[in-house]
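# Quick one, fold the following:
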Amino acid sequence: MAHRSRDSRQEIESCLDDVEDFAGRKFSCRNDIAMLLGCSRGREEAFDEVTFYAKFISRALAVLKRPGGEDISRLEAEFSEKMGKTSALIRTLLDGSPVEAGQKFTGRFLAPSPESMKQFLDLLYELSWIKNYEIGRGRSS
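Prediction:
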């Protein structure tokens, strides 16, 4: 079992190496993403939803930050809804993590504070690259 765990860890690290190469950058939340990937074993669909929402949130945030007079109230509402869904999905994935690691993750990314929100958005941006990588890989195969 320990050998299998090591193989899983190596598989996750290799996957993240590939995604970072694709993104052309090193992820600052790499260890946190690796933990989520490890927790998603058997719940891959939930992790796929997280990366899908992460991609939406990252793109929506870019639009919301643009100056302009356009009506963005619908996008703001959808952004808020997806943030809540993503947070709930991540909490579900964390149910499979060691308690201390889950608490540390929750404190860093899901606490009700401006710093935590910034960290969460940074994490989602990096998670969006996993979805981008999957889409790009699907086109090339």
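
# burial of G24, as a residue count?
Neighbour count for G24, taken as other Cβ atoms under 10 Å: 7. Just so you know, the C-beta spots here come from the backbone N, C-alpha and C atoms, and that holds for glycine as well.

# So it versus Y133, what's the distance?
Counting by Cβ to Cβ, to the nearest Å, the gap from G24 to Y133 is 11 Å.

# So for this protein, the centremost residue is which one?
L127 (3.4 Å; Cα atoms, centre = their mean).

# Which helix or strand contains that residue?
helix 114-140 (DSSP states H and E).

# Output the contacting helices and strands for that helix.
helix 2-23, helix 30-39, helix 44-65, helix 99-109 (3 or more Cβ pairs under 8 Å, 6 or more residues apart in numbering; DSSP states H and E).

# please redo it, this time with the cut-off set to 6 Å
Judged by 3 or more Cβ pairs under 6 Å, 6 or more residues apart in numbering; DSSP states H and E, helix 114-140 is in contact with helix 2-23, helix 44-65, helix 99-109.

# can you tell me which helix or strand the nearest residue to V63 once chain neighbours are set aside belongs to?
Nearest non-adjacent residue to V63, counting by Cβ to Cβ, 6 or more residues apart in numbering: L75, 6.3 Å away. Assessed by DSSP H and E, L75 sits inside helix 73-94.

# residues in contact with Y125?
S58 (Cβ atoms under 6 Å, 6 or more residues apart in numbering).

# pLDDT at it, what is it?
On pLDDT, Y125 comes in at 97.

# Ok, R66 next?
82.

# what number of residues lie near it?
R66: 8 surrounding residues under other Cβ under 10 Å.

# So it versus R59, what's the distance?
12 Å.

# just N132 next, same as before
N132 sits at a distance of 10 Å from R59 (criterion: Cβ to Cβ).

# okay, and for this protein, where does confidence drop off?
Applying pLDDT under 70 to the chain picks out residues 1-7, 69-70, 139-141.
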